[in-house]
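> structure for this input, please:
(one chain, ligands or ions: 1)
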Amino acid sequence: MSRATNDDTTINIPADLSVPGASEVSAARGAHRAVVRQPGLAGLVARRISAWFGDHQVLDRVSLTMAAGQVTALIGPSGCGKSTFLRILNRMHELVPSASLAGEVLLDGADIYDPERRLTDARRQVGMVFQKPNPFPAMSIYDNVVAGLRLTGQKASRAQKDILVEECLIKAGLWREVRDRLRQPGGALSGGQQQRLCIARSLAIRPRVLLMDEPCSALDPTSTRVIEETIQELVAEVTIVIVTHNMQQAQRISDQCAFFLAEQGTPGYIVEHGATDAMFDSPQDPRTADYVHGRFG
Ligand SMILES: Nc1ncnc2c1ncn2[C@@H]1O[C@H](COP(=O)(O)OP(=O)(O)OP(=O)(O)O)[C@@H](O)[C@H]1O
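All right, here's what the predicted structure looks like:
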């Protein structure tokens, strides 16, 4: 089934702001409890995804199950379509005017491209963290965390926001470093701290899935390690799909891996996927073995 591009023009959220999360306001739990209830874990299933920019096909019938409560790593050489695939998982691909796609993406069994479903709904439930940390630089740390609430039309009392900010910063591994300067601008933090602030901002709307596009590539080894620890803690409540060029990182943090390849100008496809240990220790395809052992790419 082909998908029209720009089939929903209601979104007005900045393209590079992650705005995920189920949006049930938990009024019944009292004014001082979390503003948005934590939804249950959900898996993502991509079925026969093909993608184009204009008439240039960049993905060919890619199918992948990203299990609930696991980290799935997308690996492969530059240009094989990993980021495009990731952006299809929360309907960001269609922000590119020339982009189109075919196939289905099921979140907990429901197609996020269902014409009955609002674009903002998919983006709320499937959040995204980018390669380059992108907090609102002039906005305070506190306001950065709660920014997504306003953008998704969710109201919260001051007390609810206070709780949410603390909870999300704790989960993102940043609370202890910023608890005494929540009113300082997000742009004043280090790169690693900014990336954790972006993770906290994503978490504030309770995503069911968090997509991460090389989230550590701009960070030093110490910040990278902190983000990796954060990912491993977060996966208990949010399914994570991460693009990484760092094979050690894929091994350290992922449960499942998918190896993408695009050969000689052909569209990207998945050569092999499976449990990370098996992909690294006993890959079925010699190209996977060559790639994970650094012999190409
Ligand atoms: N906005 C765009 N317009 C046109 N072509 C694009 C656009 N974005 C990506 N492409 C093309 O789509 C193909 C896949 O790119 P993509 O960024 O998904 O690959 P990737 O595997 O994530 O690469 P990398 O690891 O270098 O980030 C490439 O040929 C790229 O040039």
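> now do the helices in the protein.
Assigned by DSSP state H, the chain shows helices spanning 82-88, 119-125, 141-151, 158-171, 175-178, 191-203, 221-234, 247-253, 276-281, 286-292.
> residue contacts, residue 266?
residue 60 (Cβ atoms under 8 Å, 6 or more residues apart in numbering). Placement of C-beta: from N, CA and C, glycine included.
> and residue 270, by the same measure?
Listed by Cβ under 8 Å, 6+ apart, the contact set of residue 270 reads 62, 63, 64, 258, 259, 260, 261.
> one more: residue 268?
With Cβ under 8 Å, 6+ apart, residue 268 has these contacts: 58-60, 62, 76, 79-82, 84-85, 260-262.
> how close does it get to residue 235?
Distance, residue 268 to residue 235, by Cβ to Cβ, to the nearest Å: 25 Å.
> list phi and psi for residue 96.
Phi and psi for residue 96, reported as degrees, to the nearest 10, are phi -80, psi 120.
> thinking again about what came up before, same list (the contacts of residue 270) but as TSV, adding neighbour count and pLDDT.
Below are these laid out as TSV (neighbours: other Cβ atoms under 10 Å; pLDDT from 0 to 100):
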residue	neighbour count	pLDDT
62	24	98
63	15	98
64	20	98
258	25	98
259	27	98
260	25	98
261	21	97
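> among those, which two are most distant?
Using Cβ to Cβ, those span at most 15.0 Å, a distance reached by 63 and 261.
> between the contacts of residue 270, which is closest to the ligand?
If you rank the contacts of residue 270 by distance to the ligand using Cβ to the nearest ligand atom, residue 260 comes first, at 6.3 Å.
> right, and the closest one touches residue 83 too?
No - taking contacts as Cβ atoms under 8 Å, residue 260 lies outside contact range of residue 83: 10.1 Å.
> now the residue positioned nearest the centre of the chain: closest residue in space, sequence neighbours ignored.
In the chain, the centroid-proximal residue (Cα atoms, centre = their mean) is residue 211; its distance is 1.2 Å. Excluding the flanking residues, the one nearest residue 211 by Cβ to Cβ, 6 or more residues apart in numbering is residue 128, at 4.5 Å.
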